[in-house]
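A.B. asks: Sequence and predicted structure below; questions after.
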Amino acid sequence: MLDSLNEVYLVELDRLRPHEEVDPEHLEELTRQIAADGVLKYAIAVDRRTNTVLDGEHRRNALARLGCRRIPVVYVDYESPDIEVHTWRDGINLTKREVVEAALTGKLFPPKTSRHMVRRSGSPEHIFSIEKRVDVPLEVLRGELELVPLERIRTAMRVDLRDALPVYARFLRAGAVDVPLIVDRKTRVLLDGYEAYQALDLLSVGKAPALMIDVDRVEVRTSEGVTKGDILRAGLGREKLPPRSFALLAERVGLSEPLPLRRLLKRERLTRKALRVYNSTLELLYEGWPTPLVKLSSFSTESRSVWAKLECYNPFSNSVKDRIAWSMIKEAAEAGSLGRVLYEATSTNTGIALASIANVLGLRARLYIPMTIQRVTDVYLKVLGAEVVRVPTSLTVEAIGRVDSEARADGAAHLNQFENDANFKVHLKYTAREIDRQLASLNLRPTCVVGGLGTSGHMSAISVYFKTKYGSSVRIVGVQPAPGEVIPGIRRIESGMKWVHWADFDEVVDVRQHEAVEAAVRVARSEGLLIGLSAGAVVRGFERVAEEKGVYVLVFPDSGYKYAEQFERYLAGSQ
């Protein structure tokens, strides 16, 4: 009956068509009242198909007098039998067709001719009952809608990633952005739309639709003790306010015409990047993306294609962990919490990545390594200048408590890859989207993505992305060590993972270490790629779930060069 009653849209005044004249005295009084309030309290009701104003014409005229460009609208389907038209005047029968004709021809009825009723449950109610309370500031309705470079918008408040993910999912599903950001014109501090901003950043857009306003002309809803001055100082400085510290709008208002994401995406520079020329080793990392996606011919058939995402092409640790190390350090630096020394628990790759980036930035690193990890890790980390601490645990995650307490005692930064949302976000923003775009270049869509579970960051993000965009048509399979087994880089879900519970996995496969090693050897001898043990586990997981048809993507976290000890034992045992 009623189209999206929960949705309110900002619609340009000149797009709407009145069907009756206004009462001058009532309009004068209403204009004064709205101006005194400084807000429009209620949306108006409009037919979506014809843009005929069914109720609220005086409010539309009042806003026009007050210099506004837009008005909040609740759209309805006027053809629905649950909407009835009556009249305030005796002896007149009015039809919906006559209402629409008046709007389209401009031959308007006198004021207070029509009276629209809606039937939601039981007896009919006046249509005003569906016109939501919005309290939109007039300054917002006057604001110009611009496409603003996302990097030029300053944020004053942190965002809980769980609040942003539904907005991200909505944008990704629709392929369009349906809400504006609200930004102070002078400082470019974001005043409203923080979840949308985070979603747009995760989608790698270059520009965002923003209503530019004067913050001095609006009232901002804040938590206790937060002032406008606090908001502007946080926006212009490094230290951000906690999530949900302030908001401008009481209700979300959408764009009447959503903007296609393709219009907002960054235009990539092709020249220097195509020739692989970089201005720094850090740039070599993030401008070197996407990492390659390669077809594994020995695993593919006429009806099944198998693709490997080669994360060993990241330059520092030659692993997927370069992404999270860069992302965690970047976010900590932006928040002003980085410090000069980094402490982290790692099995190998995150430590190498952190130590490498720390060197570039002039920082120091202390890495805590479980006793079960291959000894060559110590050599690599010491070459990079890191301090290495071996801890009496079998799993990296078991050392977090010690790392945390020692970091606090020493005034060091503990980035904590197991809990830091920068881990999940970098894979949602880059890794997952890379896979999608790389396959799309071949007119393919994945049937199944298989990857290992360590922190759970990359596979959880991949799951959220593909399940959001394609639904159940894409299967997501996680791989973990079998009970009692140790495979460097992955662990069992029950050992504690944050993001795996945010995502939808169709299956989780157990793999033994010897199976992972054997699978890595098979790939080396069939494809010429020396992959790591967690990648070998991914191959074995794929073999367990593979069907005869489909498009499979296997995420290979690293290469095999760090695992000489495990390969040496395998070769000795196979002779």
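C.D. replies: Great, that's in hand.
A.B. asks: Confirm Leu529 sits in a helix?
C.D. replies: No: Leu529: not assigned to a helix; according to DSSP: H, G, I helix; E, B strand; the rest coil it is coil.
A.B. asks: What is the neighbour count of the nearest residue to it once chain neighbours are set aside?
C.D. replies: Closest residue to Leu529 in three dimensions, ignoring its sequence neighbours and counting by CB to CB, 6 or more residues apart in numbering: Val523, at 5.5 Å. (Each C-beta comes from the backbone N, C-alpha and C, glycine too.) For Val523, the neighbour count with other CB atoms under 10 Å is 23.
A.B. asks: Also Leu104?
C.D. replies: Neighbour tally, Leu104, other CB under 10 Å: 13.
A.B. asks: And Gly254, by the same measure?
C.D. replies: Number of residues near Gly254 (other CB under 10 Å) recorded here: 18.
A.B. asks: show me where pLDDT drops low in this protein?
C.D. replies: Scanning the chain for pLDDT under 70 picks out the ranges 1-6, 268-270, 575.
A.B. asks: State the distance from the residue nearest to Leu529 to Val306.
C.D. replies: Distance, Val523 to Val306, using CB to CB, to the nearest Å: 11 Å.
A.B. asks: any shared contact partners between these two?
C.D. replies: Leu296 (CB atoms under 8 Å, 6 or more residues apart in numbering).
A.B. asks: about what we covered before: from the contact counts, what lies against the helix or strand hosting the residue nearest to Leu529?
C.D. replies: Mapping Val523 onto the secondary structure by DSSP states H and E places it in helix 513-527. The contact analysis (3 or more CB pairs under 8 Å, 6 or more residues apart in numbering; DSSP states H and E) places helix 513-527 against helix 533-545, helix 564-574.
A.B. asks: What residues of the longest one count as buried?
C.D. replies: Burial within helix 533-545, assessed by neighbour count using 16 or more other CB atoms under 10 Å, is assigned to Leu533, Ser534, Ala535, Gly536, Ala537, Val538, Val539, Arg540, Gly541, Phe542.
A.B. asks: what angle sits between the helix holding Val523 and helix 564-574?
C.D. replies: 90 degrees (axes from the mean of the first three to the mean of the last three CA atoms, to 10 degrees).
A.B. asks: Just the CA trace of helix 513-527, in PDB.
C.D. replies: Once non-C-alpha atoms are left out, helix 513-527 reads as follows in PDB (Å, rounded to 0.1, in the frame of the first residue of the first chain):
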ATOM      1  CA  GLN A 513      49.400 -30.300   9.200                       C
ATOM      2  CA  HIS A 514      50.800 -33.100   7.000                       C
ATOM      3  CA  GLU A 515      47.800 -32.600   4.700                       C
ATOM      4  CA  ALA A 516      48.700 -28.900   4.400                       C
ATOM      5  CA  VAL A 517      52.300 -29.700   3.600                       C
ATOM      6  CA  GLU A 518      51.400 -32.300   1.100                       C
ATOM      7  CA  ALA A 519      49.000 -29.900  -0.700                       C
ATOM      8  CA  ALA A 520      51.700 -27.200  -0.800                       C
ATOM      9  CA  VAL A 521      54.100 -29.700  -2.300                       C
ATOM     10  CA  ARG A 522      51.400 -30.700  -4.900                       C
ATOM     11  CA  VAL A 523      51.000 -27.100  -5.900                       C
ATOM     12  CA  ALA A 524      54.700 -26.500  -6.200                       C
ATOM     13  CA  ARG A 525      55.100 -29.600  -8.400                       C
ATOM     14  CA  SER A 526      52.100 -28.800 -10.600                       C
ATOM     15  CA  GLU A 527      51.900 -25.000 -10.800                       C
END
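A.B. asks: what comes into contact with that helix?
C.D. replies: With CB under 8 Å, 6+ apart, helix 513-527 has contacts from 296-298, 481, 485-487, 529-537, 539-540, 543, 560, 563, 566-567, 570.
A.B. asks: now with 7 Å?
C.D. replies: Contacts with helix 513-527, where a contact means CB atoms under 7 Å, 6 or more residues apart in numbering, come from 296, 298, 485-487, 529-533, 535-537, 539-540, 560, 566-567, 570.
A.B. asks: try stretch 366-383
C.D. replies: Contacts of stretch 366-383 from elsewhere in the structure, counted by CB under 7 Å, 6+ apart, are 341, 343-348, 351-352, 355, 386-396, 399, 402-403, 486, 488, 562-566.
A.B. asks: buried ones in it?
C.D. replies: For stretch 366-383, the neighbour count (16+ other CB under 10 Å) marks Arg366, Leu367, Tyr368, Ile369, Pro370, Ile373, Gln374, Thr377, Asp378, Tyr380, Leu381 as buried.
A.B. asks: do you know how far the closest residue to Gly336 other than its chain neighbours is from Arg133?
C.D. replies: Once flanking residues are discounted, Gly336 sits nearest to Arg238: 3.7 Å by CB to CB, 6+ apart. The gap separating Arg238 from Arg133 is 37 Å, by CB to CB.
A.B. asks: domain ranges for the protein?
C.D. replies: Following automatic domain parsing, the chain resolves into domains at 9-138, 143-264, 293-315+422-574, 321-417.
A.B. asks: Quick check: which of the ones you listed is nearest to Ser280?
C.D. replies: Comparing the domains of the chain by their distance to Ser280 (CB to CB), the top pick is domain 321-417, with 7.4 Å.
A.B. asks: residues in contact with the residue of the chain most remote from its centre?
C.D. replies: Distance from the C-alpha centroid of the chain peaks at Gly91, with 57.5 Å (CA atoms, centre = their mean). Residues near Gly91 by CB under 7 Å, 6+ apart: none.
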